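Engineer: The amino acid sequence is not available; the structure is as follows:
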């Protein structure tokens, strides 16, 4: 019989949190492989805080993403630098999130628009070309349209994984079924049926573990997904075809004290052809200054007996804390910007226009938030 403490006491098996008492700093890393061959990596630090929403049962999350590094370097290509500067306008970002943990709306959209209006001409004066202005026009349409911006965030790996329905009821011996739409190919999503299972006991370091495992239920072929089809064309035409094959496995670890996320470890494996698999690994870890750190929270019970009487240590086998002092190496960006201000061409839009549903727009929206 185990000596570990049960997470749920009695019949109430609903996992909830009440907001965080302090800002959490995380290290984010995305790695992409072709089979076992490493292709590219993106990493950055991000700060997240959470408070109760005054007008609902949900929460306000404040997110401030720091400098992005692509293969351990700051963006050096002109397009990468342009998109990086545009993306920085989004942060700090405030999001309304349901009590279950799902994204609902952008709370500070007006502030984001105001920041964009203040900086867009400055950006345009440095990136002086017709292609750059076409990109800026598309970026602007997405920033000015709150719904489009929210949908873009949902297609970013950080937001997609962090804001899943974790805080809900968990039955004994029965998984909680969810449908995920994961951004395997940027803005081209794949549907998964995902089983959420919570482990019955806290870990030796007093963490809650939630496992999310799923298989693609998308009826489209890989070719249809990459071609931008939102429906299974071959199936509807009665043609012989193979639906896309993909599996995903995500593990969440939450602090016992405030139910905030300590870490996320995700792996997606998608079949490209008989000789090639697209493997994506995404990790998010709480950055701490010392291994004895514990957050404050209302769920810590002082009157219960814990194994060993002390669960502050995070350095046991099942944990991998990241020290903030060694999380990344600062590097100087290459000097590729124009240094002379130039007049903004007339084709740079000043007002929002109608939504253009084309492939270029979708690709650039994806690049704004996620680089590979």
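Structural biologist: Perfect, thanks for sending it. Predicted, not measured: the structure shown is a model, and the values here were computed from it. Residues are numbered from 1 along each chain as shown.
Engineer: what's the neighbour count on residue 258?
Structural biologist: Using other CB atoms under 10 Å, residue 258 is surrounded by 21 other residues. For the C-beta atoms, the positions are set from N, CA and C on the backbone; glycine is no exception.
Engineer: host element of the closest residue to residue 84 other than its chain neighbours?
Structural biologist: Leaving aside its sequence neighbours, residue 84 sits nearest to residue 75 (CB to CB, 6 or more residues apart in numbering; 4.6 Å). Here residue 75 sits in a region with no helix or strand, counting by DSSP states H and E.
Engineer: how near is residue 75 to residue 256?
Structural biologist: 38 Å (CB to CB, to the nearest Å).
Engineer: Can you give me the buried ones in stretch 137-157?
Structural biologist: 137-145, 148-150, 152-157 (16 or more other CB atoms under 10 Å).
Engineer: So what pairs up with residue 252 in the strands?
Structural biologist: Per DSSP bridges, residues listed as beta-bridge partners of residue 252: residue 210, residue 264.
Engineer: And it, how close does it get to residue 205?
Structural biologist: Residue 252 is 15 Å from residue 205, by CB to CB.
Engineer: cool, residue 156 as well?
Structural biologist: Taking CB to CB, one finds residue 156 at 29 Å from residue 205.
Engineer: ok, longest strand in this structure?
Structural biologist: Determined from DSSP state E, the single longest strand within the chain is strand 37-52.
Engineer: packing partners for that one?
Structural biologist: Counting contacts by 3 or more CB pairs under 8 Å, 6 or more residues apart in numbering; DSSP states H and E, strand 37-52 packs against strand 24-34, strand 59-65, strand 69-70.
Engineer: closest to residue 174 out of the ones you listed?
Structural biologist: Judged by CB to CB, the one of those that comes nearest to residue 174 is strand 59-65, at 27.0 Å.
Engineer: residue boundaries of the helices in the protein?
Structural biologist: 78-88, 109-126, 130-144, 146-154, 157-162, 222-226, 233-236, 359-369 (DSSP state H).
Engineer: Quick check: beta-bridge partners of residue 284?
Structural biologist: Bridge pairing for residue 284 - DSSP bridges - gives residue 28, residue 264.
Engineer: from here on, count from 450
Structural biologist: Sure thing, new numbering starts at 450, so read that last one as residue 733.
Engineer: Quick check: pLDDT value at residue 570.
Structural biologist: Note for residue 570: predicted pLDDT of 86.
Engineer: and it, how far is that from residue 650?
Structural biologist: From residue 570 to residue 650 the distance is 57 Å (CB to CB).
Engineer: swap in residue 484?
Structural biologist: Distance from residue 484 to residue 650, by CB to CB: 37 Å.
Engineer: Neighbour count: these two, which is higher?
Structural biologist: Per other CB under 10 Å, whichever of residue 484 and residue 650 has more neighbours is residue 650, with 15 against 11.
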